[in-house]
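# Build the 3D model from these lines:
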Amino acid sequence: MTDPQLSGPSYGPASGGAPKQLVVFLHGRGANGHDLIGLAPYIAPHLPDALFLSPDAPQPCDMAPVGLQWFSLIERTPENIAAGVRSAAPRVDAFLDHHLARHGLTDAELALFGFSQGCMMALHVGLRRSQAPAAVLGYSGLLAAPDAVATEATAKPPVLLVHGEADEIVPHAALPAAEAALNAAGVPVEAVSRPGLGHGIDEDGIERAVAMLARVFA
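Got it, this is the predicted structure:
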């Protein structure tokens with residue numbers, strides 16, 4: 001079996017039984033797997049059979065003394081971002097394949113939840129799996145290589161995008177741009193703008209995640 005290479009904290013299933021769903025958090029640049037696994041206790045009561053995994057990104061952050069990154073963002077050009085997600089995607093795919101096989105699950109029982117740079121990874125990977133995940137949830141991120149989605153998407157899972165209108169790191173304009181590209185590619189997408197929210201996830205965003213996950217895993 002492929003070495004998953006990536007590792008990080010986990011949570012659940014709250015039921016104490018074998019996992020029936022897998023929810024994988026992909027954190028942002030400068031953080032690690034512990035950054036998002038703290039959301040699991042809020043979601044788990046609604047998904048008692050879900051196993052939550054939050055792998056650490058593979059690289060030390062090159063723009064901070066601590067934390068990790070999926071790829072470098074020193075050069076924030078669209079071309080560099082597209083190259084970055086492509087370079088990091090195989091390790092995420094290997095991690096997903098390993099844990100799905102380990103628990104006897106398929107992509108239909110998988111949801112990806114990404115924040116910021118992790119949102120970029122979740123969208124890229126989720127749309128290019130051989131089988132569609134149950135859902136992709138992206139917060140405060142952007143869609144890399146938007147012009148390539150229509151030709152490269154091998155899966156069209158439902159996508160939830162949530163972005164703060166006051167985001168100081170990833171401009172809010174990334175939300176309508178991603179929504180337009182996904183719509184054009186035939187990917188079902190719900191795009192939510194949060195007034196006054198900066199680069200983060202608020203209570204409304206968590207509630208929307210719970211609602212979507214409960215729906216796709218019903």
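
# what secondary structure does the spatially closest residue to Arg128 that is not a sequence neighbour sit in?
Nearest residue to Arg128, sequence neighbours excluded (C-beta to C-beta, 6 or more residues apart in numbering): Thr154, at 5.5 Å. Any C-beta I mention is one placed from the backbone N, CA and C, and that applies to glycine too. The assignment at Thr154 comes out as coil when based on DSSP: H, G, I helix; E, B strand; the rest coil.

# Just the pLDDT at Thr154, thanks.
pLDDT, Thr154: 96.

# Figure out how far the helix ranked longest in the chain is from the centre of its chain.
Assignment by DSSP state H gives helix 78-102 as the longest helix of the chain. How far helix 78-102 lies from its chain's middle: 11 Å, per C-alpha atoms, centre = their mean, to the nearest Å.

# Can you name every helix or strand that that helix contacts?
strand 21-26, helix 117-126 (3 or more C-beta pairs under 8 Å, 6 or more residues apart in numbering; DSSP states H and E).

# hmm, try it at 10 Å
strand 21-26, strand 50-53, strand 110-115, helix 117-126 (3 or more C-beta pairs under 10 Å, 6 or more residues apart in numbering; DSSP states H and E).

# what's the last one packed up against?
Think helix 117-126. Right, helix 117-126 is packed against strand 21-26, strand 68-69, helix 78-102, strand 110-115, strand 135-139, helix 149-152, strand 159-164, helix 174-184 by 3+ C-beta pairs under 10 Å, 6+ apart.

# The shortest one too?
Helices and strands touching strand 50-53, by 3+ C-beta pairs under 10 Å, 6+ apart, are strand 10-11, strand 21-26, helix 34-37, helix 40-43, helix 78-102, strand 110-115.

# Can I get these in a markdown table including mean neighbour count, mean pLDDT and distance to Ala209?
Formatted as a markdown table, those follow (neighbours: other C-beta atoms under 10 Å; pLDDT from 0 to 100; distance: least, C-beta to C-beta, whole Å):
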| stretch | mean neighbour count | mean pLDDT | distance to Ala209 |
| --- | --- | --- | --- |
| strand 10-11 | 18 | 98 | 15 |
| strand 21-26 | 27 | 98 | 9 |
| helix 34-37 | 19 | 97 | 11 |
| helix 40-43 | 17 | 97 | 7 |
| helix 78-102 | 17 | 96 | 19 |
| strand 110-115 | 28 | 98 | 7 |
